[in-house]
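*Asks:* Got a sequence here, can you build the structure:
(one chain, ligands or ions: 2)
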Amino acid sequence: MLSVVPRAVVVRVPAKINLHLGVGDLRADGYHDLLTVFHAVSLTDVVRLAPAEELTVSVRGDGAAGVPADASNLAAQAAVVLARRAGIEPAVHIEIEKGIPVAGGMAGGSADAAAALLGLTRLWRLDVERSELMSIAAELGSDVPFSLQGGTAVGHGRGERLTPALSRGELHWVIAASREGLSTPAVYRELDRLHAERGSGPAELEPPDALLSALAAGDPERVAAAMRNDLQPAAISLRPALRRTLRAGIDAGALTGIVSGSGPTCVFICSDASHAIGVAAELSGAGVASAVRTASGPVAGARVDND
Ligand SMILES: C[C@](O)(CO)[C@H](O)COP(=O)(O)OP(=O)(O)OC[C@H]1O[C@@H](n2ccc(N)nc2=O)[C@H](O)[C@@H]1O
Ligand SMILES: Nc1ncnc2c1ncn2[C@@H]1O[C@H](COP(=O)(O)OP(=O)(O)OP(=O)(O)O)[C@@H](O)[C@H]1O
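*Replies:* Ligands and ions are numbered 1, 2, ... in the order given. Modelled structure (predicted):
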């Protein structure tokens, strides 16, 4: 049977939240040991991959001006790595439509890299095992494997080693983005500086048992009570206005709020979809965020959209 080569492949890929982000010791390789719980939510980027003479990138959507449209784009780096493994030229045009806040702590660049890996194995008809794709993903960035996998998962190591976590039902979120991003390495450095200043070391990496059991029970109030982000004090130290954003979300009635990953995006958990709509409306009026959206999770990881 003749199979038709697609003219372009379109991949939809979600943002992530860290429901728990335990940060341990700084390792010799410059990364910190993590114990995290990733959760994929329904804010998405759409990445279109089309055959081209050479590798080119274009970016549209919110915050596109802050995203490089050259070989330094993480999706382009993914194309180069995958093409090298396959022994071919990375001759592709990568069109990225951003729906995930840029430099927001929601793994936007990682999502695009994951989308490129998945879409290009399809476009170039490569026979790559899922486990090999996950290991290429890990080379590109600590968050990239989770962007491929999606759902809810515990992350170990520098965040790249994943174990799926049981999660019942849907959780409902309000997402408050900031106009100005934060640099992930700068936030980790600030955490190290705060520890040095206080003469304290990192906390023990304890398994987030209360969170995992709340997720398995599908109980948003228990999830709210168990959420934790060790990077939050560092993000707030670099961006003190985040304190006001967190306070405004809680005043608007959210169960609780937390900085997402390295920030500055703040995420607020709500009891159901209509509660989230109400909190979002009130938070929008508070003027503490450049954009306020509702989202739900868990959702699937990167997936091809034009099958
Ligand atoms: C903040 C999180 O999003 C939480 O999931 C991730 O830890 C960051 O993941 P990422 O953006 O994919 O990060 P990478 O591209 O792997 O690393 C960027 C930089 O962040 C710091 N980094 C990242 C991950 C980690 N476990 N420890 C670190 O200290 C390092 O300075 C590293 O050079
Ligand atoms: N495809 C991409 N999308 C967004 N940013 C990109 C991309 N490729 C490279 N970058 C660069 O990476 C920086 C970090 O952006 P990104 O949106 O990935 O941050 P983030 O969501 O905070 O990441 P993480 O949560 O994984 O730490 C941006 O400032 C941008 O210059």
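*Asks:* residue boundaries of the helices in the chain?
*Replies:* With helices called from DSSP state H, the chain shows them at 74-86, 108-123, 130-140, 144-149, 184-198, 209-217, 220-226, 232-238, 242-251, 273-286.
*Asks:* Which of those sits closest to residue 11?
*Replies:* Closest approach to residue 11 among those (C-beta to C-beta): helix 108-123, 3.9 Å. Just so you know, the C-beta spots here come from the backbone N, C-alpha and C atoms, and that holds for glycine as well.
*Asks:* the inter-axis angle of that closest one versus helix 184-198?
*Replies:* Here helix 108-123 runs at an angle of 140 degrees relative to helix 184-198 (axes from the mean of the first three to the mean of the last three C-alpha atoms, to 10 degrees).
*Asks:* re the thing from before, in CSV: the helices of the chain, plus mean pLDDT, mean neighbour count and distance to ligand 1.
*Replies:* Converted to CSV, the helices of the chain look like this (pLDDT from 0 to 100; neighbours: other C-beta atoms under 10 Å; distance: least, C-beta to the nearest ligand atom, whole Å):
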stretch, mean pLDDT, mean neighbour count, distance to ligand 1
helix 74-86, 97, 20, 8
helix 108-123, 98, 28, 5
helix 130-140, 97, 16, 8
helix 144-149, 98, 27, 6
helix 184-198, 95, 15, 4
helix 209-217, 98, 17, 15
helix 220-226, 98, 18, 17
helix 232-238, 98, 19, 10
helix 242-251, 98, 18, 15
helix 273-286, 97, 18, 23
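*Asks:* Can you give me every residue that contacts the residue lying closest to residue 207 once chain neighbours are set aside?
*Replies:* In space, not counting the residues next to it along the chain, residue 207 is nearest to residue 35; the distance is 7.0 Å by C-beta to C-beta, 6 or more residues apart in numbering. Contact analysis of residue 35 by C-beta atoms under 8 Å, 6 or more residues apart in numbering lists 20, 22, 24, 154-156, 205-208.
*Asks:* same thing but at 7 Å, please
*Replies:* Taking C-beta atoms under 7 Å, 6 or more residues apart in numbering, we find residue 35 in contact with 22, 156, 205, 207.
*Asks:* before we move on, the earlier item: for residue 63, find the nearest of the helices of the chain.
*Replies:* When the helices of the chain are compared by C-beta to C-beta, helix 108-123 sits nearest residue 63, at 8.3 Å.
*Asks:* The closest one - contacts with which helices or strands?
*Replies:* Secondary-structure packing of helix 108-123 (3 or more C-beta pairs under 7 Å, 6 or more residues apart in numbering; DSSP states H and E): strand 9-26, strand 32-51, helix 74-86, strand 92-98, helix 130-140, helix 144-149, strand 303-304.
*Asks:* again, only using 10 Å
*Replies:* With contacts taken as 3 or more C-beta pairs under 10 Å, 6 or more residues apart in numbering; DSSP states H and E, helix 108-123 sits against strand 9-26, strand 32-51, strand 56-61, helix 74-86, strand 92-98, helix 130-140, helix 144-149, strand 303-304.
*Asks:* export these to a markdown table and tack on distance to ligand 2?
*Replies:* Output for these, formatted as a markdown table (distance: least, C-beta to the nearest ligand atom, whole Å):
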| stretch | distance to ligand 2 |
| --- | --- |
| strand 9-26 | 7 |
| strand 32-51 | 7 |
| strand 56-61 | 7 |
| helix 74-86 | 4 |
| strand 92-98 | 6 |
| helix 130-140 | 10 |
| helix 144-149 | 8 |
| strand 303-304 | 18 |
